[in-house]
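Visitor: whatever this is, show me its structure:
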Amino acid sequence: MTDFVTANKNSDIATLALNRGKVNALNGQVIEKMRSALARFENDPAIKAIILTGQGKFFSFGFDIPEFLSYSKLEFTDYLTRFTDLYTYLFLYPKPIIAALNGHTIAGGCMLALACDKRVMVSGKAKIALNEISFGSSVFAGSTEMLLFCVGGKNAAEILYSGAMYTAEEAKVLGLIDEVTAEKNLIREATKAASALSAKPGSAFASIKSLLRKSVAQEMRLKEKGSINEFVEIWYSDATWENLKNIKIH
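Guide: Take a look at the predicted model:
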């Protein structure tokens, strides 16, 4: 299996980088690799914080739509269950996780970023979006709860209804990201943010993070299965399916 996720350690901070082609599209293999690496880091007492990033000009395009066009509803539902389980795991992860958004952060990629404690994004051409509505798709209960947690109700509605692609500067105004930086400084700034949080006593950080997020995660889990089923029905509807067939990954 190609190693679509690379992991390395620098002192007490680990970096997990998506590395699947030019756009780091998400599929079952990527989700499996991410989950495995995160579990290893969680159980390693030498690791105090995680940086999640991507290789190239994309953090992630989101789902590998051309691949999923060959899936049955059952197979796709299984993938979505594993994907939403992953972002819930990220959302509750007991160690600090900083998203270092190196480029375009779209749809499912944006959902992974929302699950992190902070998001640092490069300035320039890179865009971030939950643009599912633009091709006739819905989102998930969990991703909606995470968005509400990060940006509040009014901004969440604007982001989801519009499907707009935001620059880092625009996204910061909405609360979708926390910091904007030049590309050359991205990892340095993400490391600074990771170090600031990991300098706090680990057990206290984990406890406070749980107190802040556990009730949100309970809502996510309560509604997720139903939202996945609804998502699948919309995804396989005739109108949305025609739009999906026109989406290319280069």
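Visitor: low-confidence bits of the chain, can you list those?
Guide: 1-2, 250 (pLDDT under 70).
Visitor: that one: helices as residue ranges?
Guide: 28-42, 65-68, 73-91, 108-114, 141-151, 153-162, 168-174, 186-198, 202-235, 238-245 (DSSP state H).
Visitor: just name the most buried of those.
Guide: helix 108-114 (a mean of 28; mean count of other CB atoms under 10 Å). To be clear about C-beta, it is placed using only N, CA and C from the backbone, and glycine gets the same treatment.
Visitor: packing partners of that one?
Guide: With contacts taken as 3 or more CB pairs under 8 Å, 6 or more residues apart in numbering; DSSP states H and E, helix 108-114 sits against strand 49-54, strand 58-60, helix 73-91, strand 97-101, strand 127-129, helix 141-151.
Visitor: center of the protein, which residue is that?
Guide: Central residue of the chain (CA atoms, centre = their mean): Leu112, 1.0 Å from the mean position.
Visitor: looking at the helices of the chain, which is nearest to Leu52?
Guide: Nearest of those to Leu52, taken as CB to CB: helix 108-114 at 7.1 Å.
Visitor: chain center to that closest one: distance?
Guide: A distance of 2 Å separates the centroid of the chain from that of helix 108-114, by CA atoms, centre = their mean, to the nearest Å.
Visitor: Leu197 contacts Asp117, doesn't it?
Guide: Yes: with contact defined as CB atoms under 8 Å, Leu197 counts as touching Asp117 (6.4 Å).
Visitor: which neighbours do these two share?
Guide: 96, 98 (CB atoms under 8 Å, 6 or more residues apart in numbering).
Visitor: roughly how far does Asn131 sit from Tyr93?
Guide: 26 Å (CB to CB, to the nearest Å).
Visitor: list the contacts for the residue nearest to the centre of the chain?
Guide: Neighbours of Leu112 in contact, by CB under 8 Å, 6+ apart: 26, 52, 60, 86-87, 90, 99.
Visitor: please repeat the previous calculation with a cut-off of 6 Å.
Guide: For Leu112, the contacting residues are Tyr87, by CB atoms under 6 Å, 6 or more residues apart in numbering.
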